[in-house]
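>>> A structural model of the following input is requested.
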Amino acid sequence: MRKSLTVLALVLMVACSGGGDGGTVEDCDQACIDRTALRGVRETLKLVYNLTLQGNPVGPQSALTPCPTGGGARVSGEASSSATQGTTRVDLLYELLECGYTQRDETPDENYALTFTGSFHQSGTIAVQPATSTALLIDGVP
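Sure, this is the predicted structure:
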C-alpha cells in the first residue's frame, strides 16, 4: 500500500469537487484526497482493462488505448478465465502517460478529474458473475 501511495503522490493531479460549483482540491481534507485518488486509480485501471482486454482470448496480453480526457495507456501481462467460477485471473502491468479520467456523479464528493503518469501492477481475481468476489492487489511501480 505504501508503494502505491508514494506513486500517487508523485503522479496524481486531483480536482475533488466539494459541491456543484466545481470545487478544487482545497475543498477536500487529506483523507478525502487519498480516498478519491485510490478510487480514481481503481476506476481508471478498470476502464483501461475494459477498453483494451475485455473479451480477449486468455493468455499473454498487450494493448494500447487513448484515455477519455487525454493521454494514453498500455496494458500488458497475463489473463486467464474460469467459466465455472465466473472469474478472470490477472497479472497485468498498466503504464499510464498523462492518462486523464473524469467521474461525474450525483454525489458531489464522488466527483473527480484525475490525470495519471506512472505504472501500476495489478494481480488477482476479477469477478465476472455477481456470485463471485473481486480480489485485486494494485501496487505502484517505481
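>>> Can you say which helix or strand has residue 45 in it?
helix 30-52 (DSSP states H and E).
>>> swap that for residue 105, sorry
Using DSSP H and E, residue 105 falls outside every helix and strand.
>>> quick one on the thing from earlier: quick one: list the elements packing against the helix holding residue 45.
helix 2-11, strand 12-14, strand 59-66, strand 72-82, strand 87-103, strand 112-127, strand 135-141 (3 or more Cβ pairs under 8 Å, 6 or more residues apart in numbering; DSSP states H and E). C-betas here are computed from N, CA, C, even on glycine.
>>> Could you dump these into TSV with mean neighbour count added?
Formatted as TSV, the helices and strands packed on helix 30-52 follow (neighbours: other Cβ atoms under 10 Å):
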stretch	mean neighbour count
helix 2-11	15
strand 12-14	17
strand 59-66	13
strand 72-82	17
strand 87-103	19
strand 112-127	20
strand 135-141	15
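>>> In TSV: these, plus mean pLDDT.
Formatted as TSV, the helices and strands packed on helix 30-52 follow (pLDDT from 0 to 100):
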stretch	mean pLDDT
helix 2-11	41
strand 12-14	42
strand 59-66	95
strand 72-82	93
strand 87-103	93
strand 112-127	91
strand 135-141	89
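>>> Please name whichever of these is nearest to residue 47.
Nearest to residue 47 among the helices and strands packed on helix 30-52 is strand 87-103; the distance by Cβ to Cβ comes to 6.4 Å.
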